[in-house]
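Chemist: Need coordinates for the below:
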Amino acid sequence: MRFHPIVPAFVVIVPAAVGVVVCTVAGWRSRRRLAWLRRALAVVLLALVAARPGSAPRQAGGLGSDLDVYFVIDRTASMVAEDHDGSRPRFDGVRADVVAIARALPGARFSLVGFDNDVQTMLPLVSDVTALVNAVDVMRPEVTAYSTGSSPRLPVAYLQETMTTSTDDEPDRRRIVFLVTDGEATVTAPDAPTFDAVADVIDGGAVLGYGSTTGGRMRGWDGVERTAQPFIIDPETGEEAVSRIDERELEAMADELDVPYVHREGPGGIRAALTAVDASGRQATGAELPVRDDRGWVFALALLTLVLWEAAVVARDVTQAMAAFPGDAGRSWPLLRWRSPARPLDGVDP
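Modeler: The predicted structure is shown next:
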């Protein structure tokens, strides 16, 4: 058995030794030696739990990958239009698809990038899928009041710079980009940039399109979680605004990136988004993943038993002390009804 203390060893050993000595001396001078023995044992068990006992480290098989996967997600108001898989918000489909893709590429590193009026890194490259899932779960659309129009081509400069820098820093890794958007542009830009330069510095990916030609209404977002936000009103018509997918723009961006375009209308079928992703670079990395079995729970369970025992004894002693008051002052406490008046008060040492 090996120990891996959560704090320096002397921080565990010294207080534990002092505690055992105090309990031993107190027990030697007291008639209640069993109680002090119990407390000394609890101190020892607490020290053992803090020392984190476990098995010797062993090597476990793991899976590594040379893939860096970037999810570039449209956070504009149109991405909450309610026309995905019937009448669900498009963002619900985005969250499910990001998680499905990540789980289909074990061992890869993942980054989350969001864009609305600006482009922001929501999560830097990590190999922890749980961190990615949590980041996607808390991702929200832009605050409606701050929206100034959007373009699905906004991330072009960001991606070109990020991918170029990444290539220079780690040339042996491959970069995959999933552009997640409905393709709808609400600002006109005659000289809008193209993704052609980005295609030269990535190794695959896909453009994932969300929405329908029929369109869907969009609920506003004011930054406060609530049951239902009101629908966005089109200032030009005074009616509820409707967002529609722009597949022509989505297909054009996919051609520029040299990756497939996949229209995502509901759950399932995520493999279609991975046709341009070569995952053959995965390899076993067992020598790099030492693991150990933690045995601290055994001592923690024993410690819990002693704590409950101590609590029961203290409760009994308090009950007896309350009953020792003259008259009915002590007997009025409901917990005293089970006690026999003739029982001696043994919670206090002479």
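Chemist: center of this structure - which residue?
Modeler: Taking Cα atoms, centre = their mean, the centroid of the chain lies closest to Asn134, which sits 3.5 Å from it.
Chemist: Just the buried positions in the helix or strand that contains that residue, please.
Modeler: Assignment of secondary structure by DSSP states H and E places Asn134 within helix 129-138. Using 16 or more other Cβ atoms under 10 Å as the test for burial, helix 129-138 gives Val129, Leu132, Ala135, Val136. Where you see a C-beta, it was placed from the backbone N, CA and C, and this is true even at glycine.
Chemist: Contacts for it, please.
Modeler: Applying Cβ atoms under 8 Å, 6 or more residues apart in numbering, the contact partners of helix 129-138 are Val94, Arg95, Val98, Val99, Ala102, Arg103, Phe110, Leu112, Met122, Leu123, Val126.
Chemist: Could I get the contacting residues of the first one?
Modeler: Under the criterion of Cβ under 8 Å, 6+ apart, the contact list for Val94 reads Ile73, Met79, Val136, Val180, Leu208, Tyr210.
Chemist: What values do phi and psi take at it?
Modeler: Dihedral pair for Val94: phi -60, psi -50, per degrees, to the nearest 10.
Chemist: Quick check, pLDDT for it.
Modeler: With respect to pLDDT, Val94 has a value of 95.
Chemist: Same check on the third one?
Modeler: Looking at Val98, its pLDDT is 96.
Chemist: so how far is Ile270 from it?
Modeler: 10 Å (Cβ to Cβ, to the nearest Å).
Chemist: picking that back up, return the member of the buried residues of helix 129-138 nearest to Trp297.
Modeler: Comparing these against Trp297 with Cβ to Cβ places Val129 closest, at 25.5 Å.
Chemist: Show me what the closest residue to Gln229 other than its chain neighbours bridges to in the sheet.
Modeler: Ranked by Cβ to Cβ, 6 or more residues apart in numbering and with sequence neighbours excluded, the top spatial neighbour of Gln229 is Arg219, at 4.2 Å. On the basis of DSSP bridges, Arg219 is bridged to Phe231.
Chemist: Please list all residues in contact with Arg219.
Modeler: Applying Cβ under 8 Å, 6+ apart, we find Arg219 in contact with Val80, Glu82, Pro89, Ala228, Gln229, Pro230, Phe231, Ile232.
Chemist: Among the contacts of Val94, which ones are in strands?
Modeler: Among the contacts of Val94, the members found in strands (DSSP state E) are Ile73, Val180, Leu208, Tyr210.
Chemist: thinking the third one is in contact with Asp182, fair?
Modeler: The reference is to Leu208. No - using Cβ atoms under 8 Å, Leu208 is not in contact with Asp182, being 9.8 Å away.
Chemist: Low-confidence stretches in the stretch 201-350 of the chain?
Modeler: Low-confidence segments of the stretch 201-350 of the chain, defined by pLDDT under 70, span residues 223, 226-227, 281-293, 325-350.
Chemist: Break down it into its strands, ranges please.
Modeler: Taking DSSP state E, counting those that start in this stretch as the criterion, the stretch 201-350 of the chain contains strands spanning 205-210, 216-217, 242-243, 261-264, 283-284, 290-291.
Chemist: Any chance of those strands in a markdown table with mean neighbour count and distance to Trp36 as columns?
Modeler: Shown next, in a markdown table, are these (neighbours: other Cβ atoms under 10 Å; distance: least, Cβ to Cβ, whole Å):
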| stretch | mean neighbour count | distance to Trp36 |
| --- | --- | --- |
| strand 205-210 | 27 | 67 |
| strand 216-217 | 20 | 71 |
| strand 242-243 | 21 | 72 |
| strand 261-264 | 20 | 67 |
| strand 283-284 | 12 | 54 |
| strand 290-291 | 12 | 40 |
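Chemist: Cool, thanks, signing off.
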